[in-house]
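J.: Give me the fold of what follows.
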Amino acid sequence: MNGIIFTFIISFAVTFILIPFIIKVAGKFRIGDITTKHSIHKNYVPTLGGVAIFFGFFIGFFFAKFFSSYFNENFLNHSLGIVIGSLLILFEGIYDDIRGANYIKKFGFQITASLIVIYFGYRIDVIANPFGEDLSLGIFSIPVTILWISGITNAINLIDGLDGLAAGVGAIISMTFIVITYKLGDFSGSMLSLLLLSSTLAFLWYNFNPAKVFMGDVGSQFVGFIIACISIDSFFKLPGSATVFIPIITLGIPIIDTVFSFIRRIASGMHPFMGDKEHIHHYLLNMNIGYKNTVLCIYGATLFFGIASFMLVVLSANYILPILSGVCVFIFIGLFKIGYHKQLFSLKNKNKNPS
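T.: Residues are numbered from 1 along each chain as shown. Below is the predicted model of the structure:
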């Protein structure tokens, strides 16, 4: 227990201490969001805060390895894949935040990072089926793993549109993973989730509205990449288990927003990677509930998904279908309430010139 507390403090402290330095450097060189076409921010705010999350996470990880009882031998053998893959995400994210990178370059780095972690043992070989026989992916294992990692990496990146949103959602997802992996006896997954929680919480201190710093693409992509890796190692490897639904449900907000954004843009004749103001948080803002309440509503929805995921673990298999049905009803009602359903299958884009 002392090791867990010490690791949490180290990761939190490193992130917390680094951010003022990053704010100063980014401000000196004017690295940040100065009002882009799809941004809601009117004034300059420095970015690159995700660099602090990265170092907070991995310095904490370095100290955590001294408490080797929290990591199983299999994890230690392929942990180098996470380190190398994360470094690629870090370099691409910094370049993107400073110079700007198109989607081809982003996907190139994300696919390469995915291939690295696959080489070191992170792979979705089987899709568990709690209702019958598991599905072996065979030769499709690698493309499915790449799709999952790059998809979740970009999903967290896409929801990073309001102060504190991506960091808070990342922290809630991390808390959910901690509780569930601990319940499953997966202490490696618990420790990685703890490190992500501590670093995102430290960053959130500076990022909640009004934000003093943004995490940037370097931060949102890193958070998404780590979440994707944890979910592969902790939830996709249990045969015949409902745990396969845990990352899908827990990541409900970013997954729904990403999938529907692509459907909406393609159906409207837009480029699928063109930014717009049609994300879930924009619809909540249009309801005039206020900036902070919008963020808190998404926090609440993410917490609901986390609780639903936990219920899959603590309840018997008889409750799987009712839980999944309840989640689907919650999603349907939520999207209908905010008016998001009006855009899902529209062939005309109401915002051809996003601002």
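
J.: So what's the residue count around residue 133?
T.: For residue 133, the number of neighbouring residues by other Cβ atoms under 10 Å comes to 8. For glycine as for every other residue, the C-beta is placed from the backbone atoms N, C-alpha and C.

J.: you'd agree residue 52 is up against residue 20?
T.: No - between residue 52 and residue 20 there is no contact under Cβ atoms under 8 Å: 9.3 Å.

J.: right, and the helix or strand after the one helix or strand residue 118 maps to?
T.: Following DSSP states H and E, the helix or strand that holds residue 118 is helix 103-119. Sequence-wise, the next helix or strand downstream of helix 103-119 (DSSP H and E) is strand 126-127.

J.: per-residue confidence averaged over that next one?
T.: In this model, strand 126-127 has a mean pLDDT of 88.

J.: That one - contacts with which helices or strands?
T.: strand 135-136 (3 or more Cβ pairs under 8 Å, 6 or more residues apart in numbering; DSSP states H and E).

J.: The strand it packs on pairs with which strands?
T.: Using DSSP bridges, the strands paired with strand 135-136 in its sheet are strand 126-127 (antiparallel).

J.: pLDDT weak spots in the chain?
T.: Where the chain drops to pLDDT under 70, the residues are 1-2, 33-42, 67-76, 240, 341-355.

J.: Grab the nearest non-local neighbour of the residue nearest the centre of it.
T.: Among the residues of the chain, the one closest to the centroid is residue 224, at 3.4 Å (Cα atoms, centre = their mean). Leaving out its chain neighbours, the residue that sits closest to residue 224 by Cβ to Cβ, 6 or more residues apart in numbering is residue 156, at 3.3 Å.

J.: just checking, residue 57 touches residue 196?
T.: Yes - if you go by Cβ under 8 Å, residue 57 and residue 196 touch, sitting 6.2 Å apart.

J.: quick one: common contacting residues for these two?
T.: Residues touching both residue 57 and residue 196 (Cβ atoms under 8 Å, 6 or more residues apart in numbering): residue 226.

J.: Comparing the two, which shows the higher neighbour count?
T.: residue 196 (28 against 25).

J.: do you know how far that one is from residue 50?
T.: Distance of residue 196 to residue 50, computed by Cβ to Cβ, to the nearest Å: 12 Å.

J.: Helix or strand for the residue nearest to the centre of the chain, just tell me which one.
T.: When elements are assigned from DSSP H and E, residue 224 belongs to helix 216-235.

J.: tilt between that helix and helix 103-119?
T.: With axes from the mean of the first three to the mean of the last three Cα atoms, to 10 degrees applied, the angle from helix 216-235 to helix 103-119 works out at 30 degrees.

J.: which other helices and strands contact helix 216-235?
T.: helix 50-64, helix 73-98, helix 103-119, helix 141-158, helix 165-184, helix 187-207, helix 245-250.

J.: wait, which of these is closest to residue 336?
T.: Closest to residue 336 of the helices and strands packed on helix 216-235 is helix 245-250 (Cβ to Cβ; 19.3 Å).

J.: what comes up buried for the helix or strand following that closest one?
T.: Scanning forward in sequence from helix 245-250 by DSSP H and E, the next helix or strand is helix 252-267. Neighbour-count burial for helix 252-267, counted by 16 or more other Cβ atoms under 10 Å, picks out 252, 253, 254, 255, 256, 257, 258, 260, 261, 264, 265.

J.: Can I get the residues you listed in JSON lines including distance to residue 146?
T.: Formatted as JSON lines, the buried residues of helix 252-267 follow (distance: Cβ to Cβ, whole Å):
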{"residue": "252", "distance to residue 146": "22"}
{"residue": "253", "distance to residue 146": "23"}
{"residue": "254", "distance to residue 146": "18"}
{"residue": "255", "distance to residue 146": "16"}
{"residue": "256", "distance to residue 146": "21"}
{"residue": "257", "distance to residue 146": "21"}
{"residue": "258", "distance to residue 146": "16"}
{"residue": "260", "distance to residue 146": "22"}
{"residue": "261", "distance to residue 146": "20"}
{"residue": "264", "distance to residue 146": "24"}
{"residue": "265", "distance to residue 146": "22"}
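
J.: residues in contact with the residue nearest to residue 247 when sequence neighbours are not counted?
T.: Closest residue to residue 247 apart from its sequence neighbours, by Cβ to Cβ, 6+ apart: residue 231 at 3.6 Å. Residues in contact with residue 231 (Cβ under 8 Å, 6+ apart) are 148, 152, 177, 246, 247, 251.
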